[in-house]
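**Q** missing the sequence, but the structure's below:
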C-alpha cells in the first residue's frame with residue numbers, strides 16, 4: 001500500500017466521520033461546519049484518485065458557495081442580536097477544528113501529489129483529467145453542451161417569468177416610462193409676487209374695561 005492509497009483511506013475516513021456528525025449533532029451551525037468538512041474531504045479523495053476537475057468543482061460550488069450561503073442563512077435565523085454575537089464564541093472551537101483539519105488535508109494532498117506524479121488509478125501516458133474533459137467537451141460533445149446551455153438559459157428565464165406576478169396595490173417600476181420622462185412633465189416653475197404678510201395692529205385696551 002503506497003502513500004496515495006493511505007491518504008485516500010484517511011480522507012475517506014474523515015469524510016465518513018464528518019458525515020455521521022452532520023446527521024447526529026443537534027446544533028444546525030455545527031452540522032453545517034461538519035458538512036463543509038465532509039465535502040472538502042470528498043473533494044480530496046477525488047483529487048487523489050485522479051478526478052481533479054470534480055474535486056475542484058466540489059470545492060468551488062459546494063464548499064465555496066452553497067455551504068457558505070447555507071451557513072449565513074442558519075446564522076441569520078436567530079433574530080435576537082445578543083445570542084447571535086454570543087454564537088460566534090460558542091461556534092469558534094468547532095470552526096477552528098474544522099479549519100485545522102482542512103489545512104492538514106491540503107498539506108497532505110500537496111505532499112502526496114508532489115511525491116506521486118499521478119493518482120493510483122490514472123494512466124501516466126494520458127493527459128490530466130481537466131485537460132481531457134475540456135478537450136472532449138469542446139470538440140466531440142460541443143453540440144450537446146451548447147444545447148444544454150440553451151435549455152438551462154430558457155429554464156432560468158421561464159422560472160423568473162413565472163414568479164413575476166402583478167399584485168393589486170403594489171408599486172412597480174417601468175424603465176421605458178422612466179426613460180421617456182421630460183423635465184417639463186415633472187417640474188413646474190411658478191412665478192409668484194413677493195408679498196409681505198400684513199401683521200394686524202393691536203387694539204388699545206381702554207381703562208376700566210377688562
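**A** Received the coordinates, thanks. Just so it is clear, the model here is predicted, and its values are computed rather than measured.

**Q** drop to CA atoms for contacts and neighbour counts, all remaining ones
**A** Noted.

**Q** Quick one: list the elements packing against the helix or strand in which residue 149 is found.
**A** With elements taken from DSSP states H and E, the one containing residue 149 is helix 142-163. For helix 142-163, there is no helix or strand it packs on, judged by 3 or more CA pairs under 8 Å, 6 or more residues apart in numbering; DSSP states H and E.

**Q** after it, next one along is what?
**A** As assigned by DSSP H and E, the chain's next helix or strand after helix 142-163 is helix 175-179.

**Q** How far off centre is that following helix?
**A** Mean-position distance between helix 175-179 and its chain equals 32 Å (CA atoms, centre = their mean, to the nearest Å).

**Q** Quick check: residue 57 vs residue 173, distance?
**A** Going from residue 57 to residue 173 by CA to CA, to the nearest Å gives 38 Å.

**Q** more neighbours, those two?
**A** The neighbour count for residue 57 versus residue 173, taken as other CA atoms under 10 Å, is higher for residue 57 (13 against 7).

**Q** Reduced to three states, what does the more buried one come out as?
**A** Here residue 57 is recorded as helix under DSSP: H, G, I helix; E, B strand; the rest coil.

**Q** picking that back up, could you give the average pLDDT over the helix holding residue 149?
**A** For helix 142-163, mean pLDDT is 90.

**Q** Spit out the contact partners of residue 172.
**A** Listed by CA atoms under 8 Å, 6 or more residues apart in numbering, the contact set of residue 172 is empty.

**Q** now it: how far from residue 165?
**A** Per CA to CA, residue 172 is found 11 Å from residue 165.

**Q** One more: residue 182?
**A** As for residue 182, its distance to residue 165 is 29 Å (criterion: CA to CA).

**Q** Could you list every helix and strand in contact with whatever helix or strand residue 18 lives in?
**A** Element membership of residue 18, judged by DSSP H and E, is helix 3-24. Counting contacts by 3+ CA pairs under 8 Å, 6+ apart, helix 3-24 is packed against helix 28-48, helix 81-115.

**Q** Name the next helix or strand following the longest one along the chain.
**A** Later in the chain than helix 81-115, the nearest helix or strand by DSSP H and E is helix 129-135.

**Q** Next, the buried residues of that next one.
**A** In terms of neighbour count (16 or more other CA atoms under 10 Å), helix 129-135 has its buried residues at residue 129.

**Q** contacts for stretch 30-49?
**A** 4, 7-8, 11-12, 14-16, 18-19, 21-23, 25, 52-56, 58-59, 62-63, 67, 70-71, 91, 94-95, 98, 102, 105-106, 109, 112-113, 119-122.

**Q** make it 7 Å
**A** For stretch 30-49, the surrounding residues in contact (CA atoms under 7 Å, 6 or more residues apart in numbering) are 4, 8, 11-12, 14-15, 18-19, 21-22, 25, 52, 54-56, 58-59, 63, 67, 71, 95, 98, 102, 119-121.
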